[in-house]
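Undergrad: Here you go, sequence then predicted model.
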Amino acid sequence: MKQGFAFYLDGSLPCPDYSVSPDAYLVWHHNDDVLRGFILERVSLADVHHIDCLSTSHLMFEALRNQHEEQGPYTRVALILKAWEIQFTYETPLRDTLAELRNYHRRIIATGELTEDDIFAAILLRSMNKDFGHLRRSVEEMTIMLGFSSEIIARRILQEDELIRRRVAAGYPANPNTAPLPSRSAFAAVSNRRPRGVRPICANCKRDNHSTDYCIALGGKMAGRSIEEARAAFCGAMAKTRGQNSRDNHAGQHSNRSRHSRQSAHIMADNTSPSNINGISPQTRAMSTPQTVFINGLPYVVDPSYAATNPPVDS
């Protein structure tokens with residue numbers, strides 16, 4: 001602003017008429033283009049896409065102010081929480097930390113007047129940092145609602161409290177992230193009881209009758225849909241899963257039948273081999289075939305019955 005660009009940003013220095021003063025017209029556009037380039041180099045990528053189509057630095061500046069200032073109570077609360085996390089340390093120069101705190105203070109004031117409700121909302125959100133990070137994220141997703149206030153945060157806290165009470169009444173620990181190991185008696189009770197499916201707990205709205213994939217609350221994958229649409233989507237997914245399981249079982253049975261058929265064919269081939277024709281082994285055939293001997297060139301057939309009844313006698 002030291003170069004006199006403030007008049008370009010606030011729009012108090014209009015562009016001269018080219019027909020009246022061509023030189024002043026060209027100088028004004030040159031300076032404004034330089035300022036536009038400076039803004040585009042300094043802002044974030046998301047803001048670049050928001051303002052790069054604007055023709056003057058004044059329009060860019062106003063668009064950025066509307067984008068980042070007067071954003072409502074939650075923006076003020078979020079900035080207050082970030083400022084509360086900043087601490088003076090020996091690792092960081094004190095002047096740098098002081099400059100950062102001044103910057104947060106300026107941004108907080110630029111978002112609008114700080115109210116009592118903003119302070120209470122900041123206190124509530126800060127109290128969730130330790131054990132209830134999921135609750136804080138759920139509240140942050142609700143900030144786009146019209147009329148967001150500390151009362152909305154309080155109602156969400158009471159809903160979480162009711163969920164914890166139901167969980168404790170059902171025998172579960174209050175904190176789902178710290179489940180104790182079951183005792184031996186608990187194992188015995190489970191073994192004597194018919195197994196029952198565990199009901200899912202939605203990570204978005206914390207209810208125990210559906211999952212995040214079919215949650216219609218803000219932040220769920222079916223946010224804005226009706227309950228009937230969510231049920232239809234769930235039934236469709238279950239039917240698809242059952243169909244896939246049925247096809248897998250059918251393929252497994254077909255594979256088992258094919259393997260059994262190949263084994264049967266192998267056994268039959270072994271039983272019908274040339275070496276085992278008519279169920280008679282080669283050794284049996286050799287024993288049942290009469291033996292022929294040649295003495296002085298003449299063939300003689302050995303009588304098996306004679307050999308069996310007249311054993312040879314040593315002389």
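TA: Looks like it arrived, so ask away.
Undergrad: May I see the buried residues of the helix or strand encompassing Gly37?
TA: Assigned by DSSP states H and E, Gly37 belongs to helix 22-42. Within helix 22-42, the residues scored as buried using 16 or more other Cβ atoms under 10 Å are 28, 31-32, 35-36, 39. To be clear about C-beta, it is placed using only N, CA and C from the backbone, and glycine gets the same treatment.
Undergrad: Look at Ser149 and say how many residues are nearby.
TA: Ser149 has 15 neighbours, counted by other Cβ atoms under 10 Å.
Undergrad: The helix holding Gly37 - contacts with which helices or strands?
TA: helix 6-9, helix 45-51, helix 57-68 (3 or more Cβ pairs under 8 Å, 6 or more residues apart in numbering; DSSP states H and E).
Undergrad: other SSEs contacting the first one?
TA: Think helix 6-9. Under the contact criterion of 3+ Cβ pairs under 8 Å, 6+ apart, helix 6-9 touches helix 22-42, helix 57-68.
Undergrad: switch the cut-off to 6 Å
TA: Counting by 3 or more Cβ pairs under 6 Å, 6 or more residues apart in numbering; DSSP states H and E, the packing neighbours recorded for helix 6-9 are helix 57-68.
Undergrad: Over to the longest one?
TA: When contacts are defined as 3+ Cβ pairs under 6 Å, 6+ apart, helix 57-68 packs onto helix 6-9, helix 22-42.
Undergrad: how about the helix or strand just after it: buried residues?
TA: Next helix or strand after helix 57-68 toward the C-terminus (DSSP H and E): helix 73-85. Residues of helix 73-85 classed as buried: 73-81, 83 (neighbour count, 16+ other Cβ under 10 Å).
Undergrad: ok, residues contacting helix 73-85?
TA: With contact meaning Cβ atoms under 6 Å, 6 or more residues apart in numbering, helix 73-85 is reached by 104, 107-108, 111, 118, 121-122, 126, 143, 148.
Undergrad: re earlier: next, the angle from the helix holding Gly37 to helix 57-68.
TA: Helix 22-42 and helix 57-68 meet at an angle of 30 degrees, taking axes from the mean of the first three to the mean of the last three Cα atoms, to 10 degrees as the criterion.
Undergrad: just the CA coordinates of helix 22-42, formatted as CSV?
TA: The C-alpha coordinates for helix 22-42 follow below in CSV (Å, rounded to 0.1, in the frame of the first residue of the first chain):
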residue,chain,number,x,y,z
PRO,A,22,-5.3,8.0,-23.4
ASP,A,23,-2.0,8.1,-21.5
ALA,A,24,-3.7,8.2,-18.1
TYR,A,25,-5.9,5.3,-19.2
LEU,A,26,-2.8,3.2,-20.1
VAL,A,27,-1.0,4.0,-16.9
TRP,A,28,-4.1,3.1,-14.8
HIS,A,29,-4.4,-0.3,-16.5
HIS,A,30,-0.7,-1.0,-16.2
ASN,A,31,-0.8,-0.4,-12.5
ASP,A,32,-3.9,-2.3,-12.0
ASP,A,33,-2.5,-5.3,-14.0
VAL,A,34,0.6,-5.3,-11.7
LEU,A,35,-1.6,-5.3,-8.7
ARG,A,36,-3.7,-8.1,-10.1
GLY,A,37,-0.6,-10.2,-10.7
PHE,A,38,0.6,-9.6,-7.2
ILE,A,39,-2.7,-10.7,-5.7
LEU,A,40,-2.8,-13.9,-7.8
GLU,A,41,0.8,-14.8,-6.7
ARG,A,42,0.0,-14.3,-3.0
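Undergrad: Outside of it itself, list whatever touches it.
TA: Against helix 22-42 from outside (Cβ under 6 Å, 6+ apart): 5, 8, 15-16, 18, 48, 56-57, 60.
Undergrad: and which of those is nearest to Glu228?
TA: Nearest to Glu228 among those is Val48, at 42.4 Å by Cβ to Cβ.
Undergrad: how far away is the nearest residue to the closest one once chain neighbours are set aside from Phe120?
TA: For Val48, ignoring the flanking residues on the chain, the nearest one in space by Cβ to Cβ, 6 or more residues apart in numbering is Leu40 at 5.9 Å. Per Cβ to Cβ, to the nearest Å, Leu40 is found 39 Å from Phe120.
Undergrad: same question, Tyr25
TA: Using Cβ to Cβ, we find Tyr25 at a distance of 54 Å from Phe120.
Undergrad: Over to Tyr172?
TA: Counting by Cβ to Cβ, the gap from Tyr172 to Phe120 is 31 Å.
Undergrad: and what of Val139?
TA: Per Cβ to Cβ, Val139 is found 13 Å from Phe120.
Undergrad: Compare neighbour counts for these two and give me the winner.
TA: Val139 (21 against 16).
Undergrad: Alpha carbons of the helix or strand that one falls within, as CSV, please.
TA: Per DSSP H and E, Val139 falls inside helix 133-141. Extracted as CSV, the C-alpha positions of helix 133-141 are listed here (Å, rounded to 0.1, in the frame of the first residue of the first chain):
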residue,chain,number,x,y,z
GLY,A,133,-12.6,-35.5,18.5
HIS,A,134,-15.3,-37.3,16.5
LEU,A,135,-17.9,-35.2,18.2
ARG,A,136,-16.1,-32.0,17.4
ARG,A,137,-15.7,-33.1,13.7
SER,A,138,-19.5,-33.8,13.7
VAL,A,139,-20.2,-30.3,15.0
GLU,A,140,-17.8,-28.7,12.5
GLU,A,141,-19.8,-30.3,9.7
